[in-house]
Every structure is written in C-alpha cells, then in structure tokens.
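> Quick check, what structure comes out for this input:
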Amino acid sequence: MYVVRPVELADIPALEALAAVPMPGVHTLPKTREKIRAMVELSIASFAAQVDLPSEEGYLLVLESLDEKKIVGTAAMYAAAGSNGTYFSFRNDVIQQVSRDLNISHSVHALTLCSELTGYSQLSSFYVGEREHGTAEAALLSRARLMLAVVAPHRFADRFFVPLAGVTDSDGGSPFWDALGRKFFQMDFLDAERTIGGARNRTLIVELMPHYPVYVPLLPGDAQAAMGQIHPSGELAFNLLTAEGFEADDYIDIFDGGPILQAHKNSLRTFTGALQRRVSTSAEQPDRGREPQLRYAVSSGSEHDFRAVITHCPALDAQLSVALSVEVQEALHVAEGDTVICVRI
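Reported below is the predicted structural model:
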C-alpha cells in the first residue's frame with residue numbers, strides 16, 4: 001500500500017536521493033541539503049500553523065510505499081505565489097494592427113510581462129519514480145494536493161496554477177531563453193537558474209525583463225516552437241493536470257517558455273467530485289465479483305495530520321459512510337466515525 005503524507009525531517013536523506021535524479025527545469029526539488037531542509041522545515045511549520053488567509057506557507061507531500069518503507073515521490077503546493085513579492089510570467093496576447101490607408105488589418109501574437117498569477121496557489125515539485133510512473137498512485141500524489149485544499153480551503157486561494165518545465169536541449173540550454181532572456185540577463189539558461197534560484201518574484205525580473213510586449217514573430221523559429229511546450233519528462237504531470245481540469249495557453253514561463261496551467265477550483269474535478277463521508281469498518285475485503293467496486297482516493301479530514309490513500313469500495317454517491325479496512329484506517333490515522341474526503345479516480 002502507498003500513502004501520501006506530509007514530509008518529515010527523517011525524510012531528508014530520501015529527498016536528497018530523489019533530488020540527485022536528473023530532472024530538467026526548476027519546478028522540482030532543490031538540489032542542496034540546506035535548501036531541501038529549508039523546504040521540509042517550511043512544510044512542517046506550515047502544517048502546524050493556524051492559518052486564516054493564505055500567505056507564505058508551503059506544503060510538501062511525499063508518496064511512501066508502506067511495504068518497503070520508502071519514499072518514491074513528492075508533490076508540493078505553495079499557498080500564495082509571490083507572497084513575498086510578485087510572481088511574474090508572460091501572458092499570451094493578440095495585438096490587432098490596422099492601417100486604413102493601406103486597407104491592411106492583421107493580428108500579432110505578443111508576450112506581455114505580467115503579475116496576474118500573484119496570489120494564486122502554486123502546485124510544484126511533482127515527481128514519482130519510474131515504477132510508479134503512470135500508475136494510480138501517481139494520480140493520487142498529484143490529486144492529494146487539491147484534496148488538502150478541499151479539507152482546508154482557508155489555507156489556499158480560489159485559483160491554482162502549475163508551471164511545467166519547458167523544452168531544453170541535451171546540454172540544458174533553452175532556445176526560448178537564448179532568444180529572449182539571455183539578451184537581458186547576459187548569462188546562459190542554467191547559469192540564470194542557479195544565480196536567480198528559479199525565483200519568478202525577484203525585483204531583478206522587473207529591472208531587466210522587457211516591459212513592453214515582445215512580438216513573437218520577431219523571435220527565432222526554434223524559440224517560437226518551444227513556447228508552451230513541455231519537456232518530455234513533464235508529460236505525466238501535464239496529462240494528470242489537464243484531466244483534472246487545468247488549462248494551458250494563457251501564460252508561459254518567463255525563463256524557458258514552458259506552459260503554465262491554471263484553473264479556478266470550481267472547475268477542478270477534485271473539488272466538484274469530493275464527497276465527505278463517515279468511516280465505518282469493513283470486516284473483510286469485499287468480494288469484488290459480487291458487488292461492483294470503484295477506485296477512490298480517500299484522505300483524512302484533518303488539515304494538521306493529512307494523509308491520503310487509494311482504496312476500492314462500492315459507489316458512494318448514495319451512501320452516508322465509507323467502509324474502510326483496518327489497514328486503510330491505520331494508514332490514514334482515522335477511526336470509525338471520523339470524517340474522510342473521497343474522490344473517485
């Protein structure tokens with residue numbers, strides 16, 4: 001059995017091992033022990049805090065194989081992007097240009113530096129091992145972040161976004177960065193990521209990035225082709241998020257041109273399909289040949305001890321309770337009569 005739970009200090013060595021796996025882009029785990037520890041400590045403090053409005057909190061979840069006692073995945077969510085500044089991105093715009101004298105009218109694709117995603121809750125740091133890639137557990141890990149927001153809506157914004165790593169070459173270069181960012185920062189893509197630390201809320205973004213719209217037709221062909229495209233390693237996350245209800249096309253990352261998916265919570269399947277049920281105990285594993293069984297992601301109803309698993313049970317639409325085995329209850333840290341959140345997978 002797998003469980004998604006908040007990260008603990010004891011997980012730091014496992015996170016270091018995961019961070020050592022080559023992962024393109026910057027929307028993943030930090031690479032140094034100090035930064036990993038800082039991320040873990042922020043998450044622990046955030047879960048423990050009493051929160052009225054989303055601010056600087058960051059929540060890191062891990063996917064653990066209980067049988068192997070091994071961490072095999074991570075997923076994070078930040079309560080309010082740009083809480084200590086402004087979160088910058090490029091907005092895809094269309095500029096209409098008209099000449100009455102020449103009787104010419106045409107539309108031009110342009111990129112405009114904007115801060116419209118500031119204050120949205122940001123999903124990031126999604127990673128699963130090869131064995132879990134494409135499994136229901138990967139879907140559970142991605143969805144668990146939103147289930148946490150269902151349990152504790154006051155901790156998060158009403159809108160969410162997810163930046164995905166853009167296209168890079170075998171040497172880590174970015175055609176989009178080379179065509180645009182390099183001109184203003186005068187450094188390679190990887191150097192910029194290391195120097196700026198992946199932050200999209202730094203003052204130097206305003207100081208150095210162009211303030212006027214960038215006309216896309218003036219960019220080289222490879223840079224245009226890279227806009228809004230994801231690195232192959234991000235396809236799983238993209239598929240899970242679009243199936244959830246996230247949409248692309250409005251924004252791209254200011255560094256590598258990768259897509260930024262965004263959505264209002266009321267358009268996401270986890271929010272619209274979440275069922276609150278009381279726990280009852282199933283005496284034994286149900287006979288699946290006798291009664292149709294559906295697969296559900298089930299999470300505890302506690303914001304301070306949040307946990308989520310996958311289990312099978314009959315359709316819950318007309319039920320007031322959900323029958324969980326003792327094993328599942330122990331994994332969720334719940335008991336009979338407690339409230340859980342159920343979302344069909």
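> Quick one: the helices in the protein, in order.
Using DSSP state H, the helices of the chain run over 12-19, 33-48, 136-151, 175-179, 181-185, 189-196, 203-208, 221-226, 235-244, 269-273, 326-332.
> and residue 4, which of those helices is closest to it?
helix 136-151 (4.1 Å; CB to CB). In short, each C-beta sits where N, CA and C put it, glycine included.
> could the helices of the chain go into JSON lines alongside mean neighbour count and distance to residue 157?
Listed next are the helices of the chain as JSON lines, based on neighbours: other CB atoms under 10 Å; distance: least, CB to CB, whole Å:
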{"stretch": "helix 12-19", "mean neighbour count": "17", "distance to residue 157": "26"}
{"stretch": "helix 33-48", "mean neighbour count": "16", "distance to residue 157": "15"}
{"stretch": "helix 136-151", "mean neighbour count": "24", "distance to residue 157": "9"}
{"stretch": "helix 175-179", "mean neighbour count": "24", "distance to residue 157": "28"}
{"stretch": "helix 181-185", "mean neighbour count": "17", "distance to residue 157": "28"}
{"stretch": "helix 189-196", "mean neighbour count": "16", "distance to residue 157": "24"}
{"stretch": "helix 203-208", "mean neighbour count": "13", "distance to residue 157": "21"}
{"stretch": "helix 221-226", "mean neighbour count": "16", "distance to residue 157": "29"}
{"stretch": "helix 235-244", "mean neighbour count": "18", "distance to residue 157": "16"}
{"stretch": "helix 269-273", "mean neighbour count": "17", "distance to residue 157": "13"}
{"stretch": "helix 326-332", "mean neighbour count": "19", "distance to residue 157": "26"}
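> how about those, which one is nearest residue 95?
Comparing these under CB to CB, the one sitting nearest is helix 221-226, at 15.8 Å.
> any idea how far the closest one is from the chain center?
The chain centre lies 25 Å from the centre of helix 221-226; the measure is CA atoms, centre = their mean, to the nearest Å.
> For that helix, enumerate the helices and strands it packs against.
helix 175-179 (3 or more CB pairs under 8 Å, 6 or more residues apart in numbering; DSSP states H and E).
> how far out from the middle of the chain is the helix it packs on?
24 Å.
> Kindly report the same for stretch 125-139.
13 Å.
> Equivalent analysis for stretch 316-324, please.
Using CA atoms, centre = their mean, the offset of stretch 316-324 from its chain centre is 29 Å.
> still on that earlier bit, select, out of the helices of the chain, the one closest to residue 73.
Of the helices of the chain, nearest to residue 73 by CB to CB is helix 136-151, at 5.0 Å.
> quick check: angle from that closest one to helix 235-244?
If you take axes from the mean of the first three to the mean of the last three CA atoms, to 10 degrees, helix 136-151 sits at 50 degrees to helix 235-244.
> between helix 136-151 and helix 33-48, how big is the angle?
Going by the same axes, to 10 degrees, helix 136-151 makes 50 degrees with helix 33-48.
> Export the helices of the chain to CSV and append columns for distance to residue 67 and mean pLDDT.
Formatted as CSV, the helices of the chain follow (distance: least, CB to CB, whole Å; pLDDT from 0 to 100):
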stretch, distance to residue 67, mean pLDDT
helix 12-19, 15, 92
helix 33-48, 24, 95
helix 136-151, 12, 96
helix 175-179, 43, 94
helix 181-185, 45, 86
helix 189-196, 37, 71
helix 203-208, 45, 73
helix 221-226, 41, 96
helix 235-244, 23, 94
helix 269-273, 26, 96
helix 326-332, 11, 96
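> distance of residue 189 from residue 18?
23 Å (CB to CB, to the nearest Å).
> one step back: Serialize the helices of the chain to CSV and add fields for distance to residue 342.
Shown next, in CSV, are the helices of the chain (distance: least, CB to CB, whole Å):
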stretch, distance to residue 342
helix 12-19, 29
helix 33-48, 22
helix 136-151, 9
helix 175-179, 41
helix 181-185, 44
helix 189-196, 40
helix 203-208, 42
helix 221-226, 40
helix 235-244, 16
helix 269-273, 9
helix 326-332, 11
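> nearest to residue 103, of the ones you listed?
Of those, nearest to residue 103 by CB to CB is helix 221-226, at 27.9 Å.
> out of the helices of the chain, nearest to residue 308?
Judging the helices of the chain by CB to CB, what sits closest to residue 308 is helix 136-151, at 4.3 Å.
> Take that closest one, keep the C-alpha atoms, and write them as PDB.
Output in PDB follows, covering the C-alpha atoms of helix 136-151 (Å, rounded to 0.1, in the frame of the first residue of the first chain):
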ATOM      1  CA  ALA A 136      -3.000   5.200  -9.900                       C
ATOM      2  CA  GLU A 137      -0.500   6.100  -7.100                       C
ATOM      3  CA  ALA A 138       0.900   8.900  -9.300                       C
ATOM      4  CA  ALA A 139      -2.600  10.200  -9.800                       C
ATOM      5  CA  LEU A 140      -3.100  10.100  -6.100                       C
ATOM      6  CA  LEU A 141       0.000  12.100  -5.400                       C
ATOM      7  CA  SER A 142      -0.900  14.800  -7.800                       C
ATOM      8  CA  ARG A 143      -4.500  14.900  -6.600                       C
ATOM      9  CA  ALA A 144      -3.700  14.800  -2.900                       C
ATOM     10  CA  ARG A 145      -2.600  18.400  -3.000                       C
ATOM     11  CA  LEU A 146      -6.000  19.500  -4.100                       C
ATOM     12  CA  MET A 147      -7.600  17.200  -1.600                       C
ATOM     13  CA  LEU A 148      -5.700  19.000   1.100                       C
ATOM     14  CA  ALA A 149      -7.200  22.300  -0.300                       C
ATOM     15  CA  VAL A 150     -10.700  20.700   0.000                       C
ATOM     16  CA  VAL A 151     -10.000  19.800   3.600                       C
END
